[in-house]
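Novice: pasting the structure only:
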């Protein structure tokens with residue numbers, strides 16, 4: 001699995017299997033980590049127009065509800081957080097949801113709806 005992730009990274013495409021096996025583990029780890037960060041940035045870049053559209057839809061829905069509050073920040077609508085503080089907030093939310101599920105405090109329909117959010 002590490003080799004396929006390494007080969008999927010832009011920096012790992014030029015290495016043969018023998019070259020991969022001779023690399024230090026720290027180098028392999030860093031290349032895979034940097035490729036993952038790059039993939040997240042690319043996904044965010046490709047999702048900006050969708051996030052803007054979602055922001056417009058949310059603001060229209062809020063106006064129908066009588067809320068005249070501020071607009072939803074676009075960075076909250078992107079697939080990956082732009083900063084680590086937002087990521088920490090998401091991880092804490094997932095942990096709370098997992099505890100509620102373990103304590104059987106949520107209805108089955110809510111658990112089924114949250115399954116995709118919790119497992120990713």
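Specialist: In hand now; what should we look at? Since the structure is predicted, the reported quantities are computational estimates derived from the model, not experimental observations. Numbering: from 1, shown residues only.
Novice: quick one: average pLDDT of whichever strand or helix holds residue 99?
Specialist: With elements taken from DSSP states H and E, the one containing residue 99 is helix 84-102. Per-residue pLDDT values over helix 84-102 give a mean of 73.
Novice: pLDDT weak spots in this protein?
Specialist: 69, 84-90, 116-120 (pLDDT under 70).
Novice: for it, what's the longest helix?
Specialist: helix 25-46 (DSSP state H).
Novice: these two touch, right, residue 101 and residue 111?
Specialist: Yes - counting by CB atoms under 8 Å, residue 101 touches residue 111, with 5.6 Å between them. For glycine as for every other residue, the C-beta is placed from the backbone atoms N, C-alpha and C.
Novice: find the nearest non-adjacent residue to residue 51, please.
Specialist: Once flanking residues are discounted, residue 51 sits nearest to residue 77: 3.8 Å by CB to CB, 6 or more residues apart in numbering.
Novice: so how many other residues sit close to that neighbour?
Specialist: Residue 77 is flanked by 16 other residues according to other CB atoms under 10 Å.
Novice: check the one 5 residues further on too.
Specialist: Close neighbours of residue 82, defined as other CB under 10 Å, add up to 15.
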